[in-house]
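In: Predicted model and sequence below, questions to follow.
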Amino acid sequence: MGRLAPDLFATRVRRIKGRPFSFQGHEYLREMYEEHHPYTVIEKAAQMGASELAISKALYACVTREGICVIFFFPTDQDVRDFSRHRVAPALEDLRRAGLVGQQGARKADNVGLREIGRSTLYFRGMQSGIRMKSIPADLLIFDELDESPPEFKPLARERLSHSELKWVLELSTPTLPDYGIDVEFQRSDQRYWHVSCGCSDGIVLEHNFPDCLAKRVHGQVELRCPKCGKGPLDVCRGRWIAHEPSRSERRGYHLSQLFSTAITPAAILAEYETTRNMAEFYNSKLGIPYAGDRMPLTRSDLLRCLGDHERGGDAGGLRVMGVDQGKILHWVLLEVGGEGARVVDLGEAESFDAVAGRLERERVAMCVIDGLPNQHSARDMARGLPGRVALCYYAESRRTEPDLRATKDTVVVDRTESLDRMVTDVQLGRVALPSRLDGDVEAMIRHLTALAKVHKEDERTGERTARYIRTGPDHYAHALSYALVASDRVRHVPVVRAQAGRGR
């Protein structure tokens, strides 16, 4: 078989669920297969063919460019196993059937983390650990379900392209929150939308006109209709991609919505919209639109209501605790605890653990809980130097138990989601008072607290829904405050050694 164009490669080689791939009923995919751009972003609703597009792009690159390396990145290692076995393995059979790989190539394709196609390779990696992202040079990176992956590991993944002449990137994901993950990448692109033909000069972007683009007819029938020109029913296969930001040519972006899918009826979409108990999931998975709603638990208005009547650095003689979050630098929050509430006495950044230890001594801090990672040795050295007054905190996911406040003398293990839930609730109920003056540090704390977002994910196998917090920006002060509240709990459970030295500045 001679070298085929990408769209012909897909139609002549690929099979989807046992049937030859076709653009019939999926006209919106044609341009995405025909044209290649070195950096493509797809913000998508669920079940729109984007993952099969990614597979076809990867296979086509491997077949037509000898010695190329492609890396697929997924949120978890389980995603890697599922995708490699159930999506990629059948696609490799397509290549073998078409004579594009031999039997030896097929035998080498047994490793779910590595598939070989001639002299080219496909790697599959989860993004829960930065270790497995290192050491493999790549020519094409594919990020699948970007919003489900830890954002801090993406720069590590991008480094795999450093020595490539191609440096191709394909990012695709169902969105979650505005200005987060795939939505950020799409906003940086030329933002192409599928304009369905109607009576208007440029047609209609259905997702921008939802739900007005759904019109009920007699006998309960639902059709797609342009609310501006009134034309309907609309044929979603008659449309074209139009870039809304054509000057941003360095990235090509596509927005996919189930409103122009022929596999899902307008009536089904409207029925789900009218009955859903999870509007965020509907907007994300059905329309491909990011949705905040109640996912952003703390707003600036919430935080402004928490402003107290005290200045930073005041001393009411109450019990003092501290929380410290690790990052490139250390962020710390000092609380005075009394009665049912606490007030933020001071906060700031520190370049070293010695600086934090010195402040802890000066401020007569009874208990400090510090993020145990990544600099575990330095944190533990600080705990050893201040016995009984410093504990390292390690987050666990879904512990389903009470926080282990007595795990060891210098260790605390808490459920990450529950700990942040508690902090958010205390702020919402006014149990935490911020300093009265909105200086730079307090403003930074407000930004960090409002950067938290809480999203839910359903396990496809069990149907169990789990919640987790993600960040839409820097969130160090949010975690430092959470650790400080853990310190206030620990100081009530465990006898502490209180400093006797006078307080200095």
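Out: Everything's here; your move.

In: Tell me, please, the helix or strand in this structure that averages the lowest pLDDT.
Out: Lowest on mean pLDDT, DSSP states H and E among the helices and strands of the chain sits helix 103-107, with a mean of 46.

In: So Ser227: helix, strand or coil?
Out: For the record, residue 227 is Pro, not Ser. coil (DSSP: H, G, I helix; E, B strand; the rest coil).

In: And the residue lying closest to it once chain neighbours are set aside, how close does it get to Leu146?
Out: Distances taken as CB to CB, 6 or more residues apart in numbering place Asp212 nearest to Pro227, at 4.1 Å, with adjacent residues excluded. No exception for glycine: its C-beta is placed from N, CA and C like everyone else's. Counting by CB to CB, to the nearest Å, the gap from Asp212 to Leu146 is 30 Å.

In: With Ala98 instead?
Out: 31 Å.

In: Counting neighbours, go ahead and name the busier of Asp212 and Leu146.
Out: Leu146 (27 against 12; other CB atoms under 10 Å).

In: give the contact list for Ser197.
Out: The contact partners of Ser197, taken as CB atoms under 8 Å, 6 or more residues apart in numbering, are 203, 234-235, 238-240.

In: Let's see that with 6 Å instead.
Out: Contacts for Ser197 (CB atoms under 6 Å, 6 or more residues apart in numbering) come out as 203, 238-239.

In: Separate out the buried members of those residues.
Out: The neighbour count (16 or more other CB atoms under 10 Å) marks 203, 239 as buried among these.

In: Gln128 should be in a helix, yeah?
Out: No - with three-state DSSP as the criterion, Gln128 is located in coil rather than a helix.

In: okay, now it: neighbour count?
Out: For Gln128, using other CB under 10 Å, the count is 16.

In: Now do the SS call for the most centrally placed residue in the chain.
Out: In the chain, the residue lying closest to the centroid (CA atoms, centre = their mean) is Asp147, at 3.0 Å. Under three-state DSSP, the three-state class of Asp147 is helix.

In: gap between stretch 272-286 and the chain center?
Out: A distance of 19 Å separates the C-alpha centroid of stretch 272-286 from that of its chain, computed with CA atoms, centre = their mean, to the nearest Å.

In: swap in stretch 174-182?
Out: For stretch 174-182, the distance to the chain centre is 7 Å (CA atoms, centre = their mean).

In: What residues of it count as buried?
Out: 174-178, 180-182.

In: List the contacts of Gly199.
Out: 229, 231.

In: quick one: it from Gln258, how far?
Out: Gly199 is 23 Å from Gln258, by CB to CB.

In: list the contacts for Thr76?
Out: 126, 128.

In: Val324 too?
Out: Val324 neighbours (CB under 6 Å, 6+ apart): 330, 332, 356, 370, 480.

In: which residue packs closest to the fourth one, ignoring adjacent ones?
Out: Residue nearest to Ile370 in three dimensions, not counting chain neighbours: Val324, with 4.1 Å by CB to CB, 6+ apart.

In: does that neighbour sit in a helix or strand, and which one?
Out: For Val324, the host element (DSSP states H and E) is strand 319-326.

In: Can you list the buried residues in that strand?
Out: So for strand 319-326, counting by 16+ other CB under 10 Å, buried means 319-326.

In: How is the protein partitioned into domains?
Out: Split into domains by automatic domain parsing, the chain comes to 37-191, 194-244+257-291, 300-493.

In: Now tabulate these in JSON lines and tack on distance to Pro6.
Out: Putting the domains of the chain into JSON lines (distance: least, CB to CB, whole Å) gives the following:
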{"stretch": "domain 37-191", "distance to Pro6": "5"}
{"stretch": "domain 194-244+257-291", "distance to Pro6": "16"}
{"stretch": "domain 300-493", "distance to Pro6": "30"}
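
In: Show me which positions of stretch 167-174 end up buried.
Out: 167-174.

In: again with stretch 23-30
Out: Residues 23, 26-29 are the ones in stretch 23-30 that count as buried (16+ other CB under 10 Å).

In: For it, which outside residues touch it?
Out: Contact partners of stretch 23-30, identified using CB under 6 Å, 6+ apart, comprise 49, 194, 237, 260, 262.

In: Low-confidence ranges, this protein, go.
Out: 1-3, 102-110, 129-135, 316, 397-409, 458-463, 493-505 (pLDDT under 70).

In: top helix in it by residue count?
Out: Using DSSP state H, we find that the single longest helix of the chain is helix 476-493.

In: What angle do strand 319-326 and it make with each other?
Out: 140 degrees (axes from the mean of the first three to the mean of the last three CA atoms, to 10 degrees).

In: and helix 476-493, what does it pack onto?
Out: Applying 3 or more CB pairs under 6 Å, 6 or more residues apart in numbering; DSSP states H and E, one finds that helix 476-493 makes contact with strand 319-326, strand 330-338, strand 367-371, helix 416-428, helix 440-450.

In: quick one: the longest one to strand 319-326, angle?
Out: In this case it means helix 416-428. Using the same axes, to 10 degrees, helix 416-428 lies at 130 degrees relative to strand 319-326.

In: count of residues packed around the closest residue to Pro75 other than its chain neighbours?
Out: Leaving aside its chain neighbours, Pro75 sits nearest to Glu148 (3.8 Å; criterion: CB to CB, 6+ apart). Residues near Glu148, counting by other CB under 10 Å, number 19.

In: do the same with Pro90
Out: Count around Pro90 with other CB under 10 Å applied: 15.

In: In what element of secondary structure is it found?
Out: Assigned by DSSP H and E, Pro90 falls in helix 89-97.

In: Would you map the helices across the stretch 251-400 of the chain?
Out: Assignment of helices within the stretch 251-400 of the chain using DSSP state H, counting those that start in this stretch yields the ranges 266-275, 279-282, 300-304, 353-362, 376-385.

In: want to throw the ones you listed into TSV with mean neighbour count?
Out: Compiled in TSV, the helices of the stretch 251-400 of the chain are given as follows (neighbours: other CB atoms under 10 Å):
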stretch	mean neighbour count
helix 266-275	15
helix 279-282	17
helix 300-304	14
helix 353-362	18
helix 376-385	16
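
In: May I see those organised as CSV, with distance to Gly338 added?
Out: As requested, these are arranged in CSV below (distance: least, CB to CB, whole Å):
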stretch, distance to Gly338
helix 266-275, 48
helix 279-282, 38
helix 300-304, 21
helix 353-362, 19
helix 376-385, 26
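
In: Tell me which stretches of the stretch 201-350 of the chain form strands.
Out: Listed in chain order, the strands of the stretch 201-350 of the chain (DSSP state E, counting those that start in this stretch) span residues 214-216, 222-224, 239-243, 252-256, 319-326, 330-338, 341-350.
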